Each structure stands twice: as structure tokens, then as C-alpha cells.
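Q: Sequence and computational prediction follow.
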Amino acid sequence: MSDEQVLVVPTQFVNEVLDDAVKVTNDKDRAVGIVNQLLNSGMTTFMPREFAEKAPEFKQLIPYIVLVHDNQYFRYQRGKGGGEQRLHKKYSLGFGGHINQSDYDGSFRDTFYNGLQRELWEELQISIGDVRNYRITPAIDVINDNSDEVGEVHLGLVFAVVCTNPELKTHEADLGDAGWDSVENIMANKDKYESWSQILIERGL
């Protein structure tokens, strides 16, 4: 039995903040406000992941990080070794994962950003401190998709990382067919992507 503790917020509070559970904000300014409200609310807490995955009355807060370079986006195919079994073989535009108790740093806001940077380093050897090559933007969107069992228990806080250096190295051997792709190709192959990526593609990259 895993003892992993993950960051969650009550679903009822999410619905209040998002005006009754909209799927995607489509508004960068609003997304920044929502993220700040969620992380500074005092409603966030840690919970055993094993319980949280089966508790739709809570949403696990997930940083979903999209990499951008010269109007191209970095995409990859999820392999069998990934943590989320339900997304295997799907393509994705987003990197990220659960915020763990080991990321805790005095406030849930700092904890969230610690986890965001840890996820990038674990998968892509990206240090956000390297401002010469990578720049993280404020939140660009929030995804609250309850159409499947994955979305029911996860809330995606979407960020973009602007990459001036297109050479990316991965730590994760299980990231297949990884590389930069044009908006046109991504849109033409939308059906191959997991649901959160499809939502971002449909709302316009």
C-alpha cells in the first residue's frame, strides 16, 4: 500500500470558484485569479493518493505544463510505465503530476510551485531557474473536465514554459515519440491525444 500524500481541494469549493464547474476557462487573467484563489484559500490539504483517486468529492491539484518554442509545442506518447494507467498510449501536450507532501514549503502556493518544478526536472531535465533557456508564464488556463473517471478526481492548472533552446533531454525512458510539432499537425491528429490535451487543442493553442 502506497503512503504517497497528494495535494487536494474540496470539489464543492472548486465548483464555487469556477462558477459551477466550467470545463475550461479560456481566459488567462481569470486563470491566474483562480489558481491564486485555490492555493491561498486555506481549503487545500494533503490526502493519501490511494483514497483521493476514488474520492470525487475532492480534486487533486495537478500542474499541467505545456512547452512552447517558435509556435511549436512539445508532445509525447505516454508509455506503460507512467503513473496513470488510464492514459497509456495516448499522446499528450502536458507534463506534470501530483503535488506531494515532500514538496511542502511553508505555504501551499510555494508547495505547488516546488512540485511543478520537480515534475519538469524529473521528466525533462528543465530547471526553471535557467532563465536563459526556459521561462515559465503565469497560469494560462484551468481544466475541470468531469467527463471521465480521471477528470472527476483531478483539476488541471495549466502553465506554459517558453523554451528558447529547442534541445530537450528526457529523464523518463517511458516518454515515447517525443518532440516538437506544429499546431497544424497537432490539430489534425487531435483524436490521438488524451482528454486534457484535446481540450486545449479545441480551445485554441
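A: Great, that's in hand.
Q: Residue 115 falls within a strand, correct?
A: No: assessed with DSSP: H, G, I helix; E, B strand; the rest coil, residue 115 is helix; it does not lie in a strand.
Q: Could you report the neighbour count for it?
A: Per other Cβ atoms under 10 Å, the neighbour tally for residue 115 reads 25. Bear in mind the C-beta positions are built from the backbone N, C-alpha and C, glycine included.
Q: That one contacts residue 65, doesn't it?
A: No: using Cβ atoms under 8 Å as the test, residue 115 is too far from residue 65 to be in contact (10.9 Å).
Q: can you pull the buried residues of stretch 67-78?
A: For stretch 67-78, the buried set under the neighbour-count rule, 16 or more other Cβ atoms under 10 Å, comprises 67, 68, 69, 72, 73, 74, 75, 76, 77, 78.
Q: cool, and stretch 142-155?
A: In stretch 142-155, counting by 16+ other Cβ under 10 Å, buried: 142, 143, 144, 145, 146, 150, 151, 152, 153, 154, 155.
Q: Just the ones in strands from the residues you listed, please.
A: With DSSP state E as the criterion, strands contain 142, 143, 154, 155 from among these.
Q: out of those, who's nearest residue 100?
A: Comparing these against residue 100 with Cβ to Cβ places residue 154 closest, at 14.7 Å.
Q: my guess is that closest one meets residue 59, correct?
A: Yes: judged on Cβ under 8 Å, residue 154 makes contact with residue 59 at a distance of 6.4 Å.
Q: Could you list the low-confidence segments of the chain?
A: 1-2, 20-22, 80-88, 128, 131, 172-174 (pLDDT under 70).
Q: who's the residue nearest to the spatial centre of it bridged to?
A: Central residue of the chain (Cα atoms, centre = their mean): residue 64, 1.5 Å from the mean position. Note on residue 64: beta-bridge partners residue 158, judged by DSSP bridges.
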